[in-house]
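Asker: I'll drop the sequence and a predicted model, then ask my questions.
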Amino acid sequence: MERLLFVIYWLCILLFLYAAADKWINFQVFKIQLGKSPLLTGFADLVAFSVPSAELLICGMIFNEKTRLAGLYGFFFMMILFTCYLFVLINYSYFIPCNCASILQGLSHQSHMIFNLFYAGMAVYGVMLIEKIHKTRKEFKPGDESGESRTPVQ
């Protein structure tokens, strides 16, 4: 179970590290593409800075054991946000700019949504595994021989 969690952490971290690095390296192109979005035109500068920054912050949170759970929730939220944005563009927009990382540009929009939902589901599964581990790992409080009062290990 913990090996699977390790794989989930690193897949999430690697995806967001790659995506953030791609956005920072191609920042002007990313910002121009956001400016062409019918939903984000007025917010392109803010979004262009905020998204890769949030992706890096979430990577750091997943990497740090104390903030890992919150990081997975953040990862899930971002993946659902990206998926909803893409869904709205596909179904209600006349123009769909491509703001995704270079490696994902070859995917169809439907494949991209499936990819996003797979990663979102993986984050949810990671959250469930963390919570299961926290429930099964109990440690005795000092001086409590009966084992009645137990607190989860962090």
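Answerer: Yep, that arrived. Numbering: from 1, shown residues only.
Asker: and the spatially most central residue of the chain, what are its phi and psi?
Answerer: Residue closest to the average C-alpha location in the chain (C-alpha atoms, centre = their mean): residue 75, at 2.1 Å. In terms of degrees, to the nearest 10, the main-chain angles of residue 75 are phi -60, psi -50.
Asker: List the contacts of the helix or strand containing residue 21.
Answerer: Assigned by DSSP states H and E, residue 21 falls within helix 2-25. Under the contact criterion C-beta atoms under 8 Å, 6 or more residues apart in numbering, helix 2-25 has outside partners 30, 48, 51-53, 55-56, 58-59, 62-63, 68, 71-72, 75, 78, 100-103, 119, 122-123, 125-126, 129-130, 133. Glycine gets a C-beta too; all of them are placed from N, C-alpha and C.
Asker: Determine the longest helix present in the protein.
Answerer: Identified as the longest helix of the chain according to DSSP state H is helix 109-136.
Asker: what secondary structure does the closest residue in space to residue 115 that isn't next to it in sequence sit in?
Answerer: Using C-beta to C-beta, 6 or more residues apart in numbering and skipping residues adjacent in sequence, the residue nearest residue 115 is residue 107, 6.4 Å away. Secondary structure, DSSP: H, G, I helix; E, B strand; the rest coil: residue 107 is coil.
Asker: For residue 107, what are phi and psi?
Answerer: Per degrees, to the nearest 10, the backbone of residue 107 is at phi -80, psi 150.
Asker: I'd say it and residue 116 touch.
Answerer: No. In terms of C-beta atoms under 8 Å, residue 107 does not count as a neighbour of residue 116; the distance is 10.0 Å.
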